[in-house]
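A.B. asks: Here you go, sequence then predicted model.
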Amino acid sequence: MRQIAKLMLVFLSSAFLFAGEQGKPEDTWQLLTDYRSGQYCYISEKGDTMIPPGRYKICFSEIFDKYAIVLHPDKGIVAIDKKGKILYNVFVFDNGPDPVSEGMFRIVNNNRIGYADAATGKIVIRPAFTCAYPFAGGTAKVSNSCSTKKDGEYSVWESDNWFFVDRSGKRISPAKKVK
């Protein structure tokens, strides 16, 4: 079994080196998962362990380029930089990180929701909304006054004050909603 793990490491390291020749950034790290122990780690292109096994309960990002999304033992699902600094909390959807929609995903701070760019990890719209849906058709449906109602095993948001925002966070009236 150790032989297989070593072969996987050699294969992934070789894949990194080849990808680097194709213009991939040199500081990209790859996720490795030990399925027997359930531990995750990130390795560099050279095969060096950059984040040791067991530091995070779950690592959601296969490739760690500019940021990675992980399950922090104390803070929940977060985005981190390469020094391990928490950038922000990621909105939890269906027991995992919010899926990317139109290049953005939702983030949370002080019970407010905003959006981050999936390619760079940078905050695009600062958390300001109490309820916020994923982007669709160039806009997102949001509210600053909503409540959560249980619907079976799920919860739904209710509000009389929904409005739409564009990708910069600018308020768009429903009549001007981008399709």
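C.D. replies: Sure thing, it's come through.
A.B. asks: By mean pLDDT, point me to the weakest helix or strand of the chain.
C.D. replies: Comparing every helix and strand of the chain by mean pLDDT, DSSP states H and E singles out helix 2-21 as the least confident one, with a mean of 42.
A.B. asks: Adjacent strands (with direction) for the helix or strand just after that helix?
C.D. replies: Sequence-wise, the next helix or strand beyond helix 2-21 is strand 29-34, with elements assigned using DSSP states H and E. Here strand 29-34 has these sheet partners by DSSP bridges: strand 39-43 (antiparallel), strand 63-64 (antiparallel).
A.B. asks: pLDDT on strand 29-34, on average?
C.D. replies: Strand 29-34 carries an average pLDDT of 94.
A.B. asks: in that strand, what's buried?
C.D. replies: Of the residues in strand 29-34, those buried under the neighbour-count criterion (16 or more other Cβ atoms under 10 Å) are Trp29, Gln30, Leu31, Leu32. C-beta here means a position set from N, CA and C on the backbone, and glycine is covered the same way.
A.B. asks: cool, and stretch 55-70?
C.D. replies: Arg55, Tyr56, Cys59, Phe60, Ser61, Phe64, Lys66, Tyr67, Ala68, Ile69, Val70.
A.B. asks: Remind me which helix or strand the residue nearest to Ile123 when sequence neighbours are not counted belongs to.
C.D. replies: Leaving aside its chain neighbours, Ile123 sits nearest to Ala116 (5.3 Å; criterion: Cβ to Cβ, 6 or more residues apart in numbering). Using DSSP H and E, Ala116 sits within strand 112-117.
A.B. asks: What lies in contact with that strand?
C.D. replies: Contacts of strand 112-117 from elsewhere in the structure, counted by Cβ atoms under 8 Å, 6 or more residues apart in numbering, are 79, 88, 90-91, 103-108, 122-132, 135, 140, 142, 169.
A.B. asks: Buried only: go through the residues you listed for me.
C.D. replies: Using 16+ other Cβ under 10 Å as the threshold, 79, 88, 90-91, 104-108, 123-125, 127, 129-132, 135, 140, 142 are the buried ones among the contacts of strand 112-117.
A.B. asks: Out of the residues you listed, name the ones that lie in strands.
C.D. replies: Secondary structure from DSSP state E places 79, 88, 90, 104-108, 123-125, 127, 129, 131-132, 140, 142 of the buried ones among the contacts of strand 112-117 in strands.
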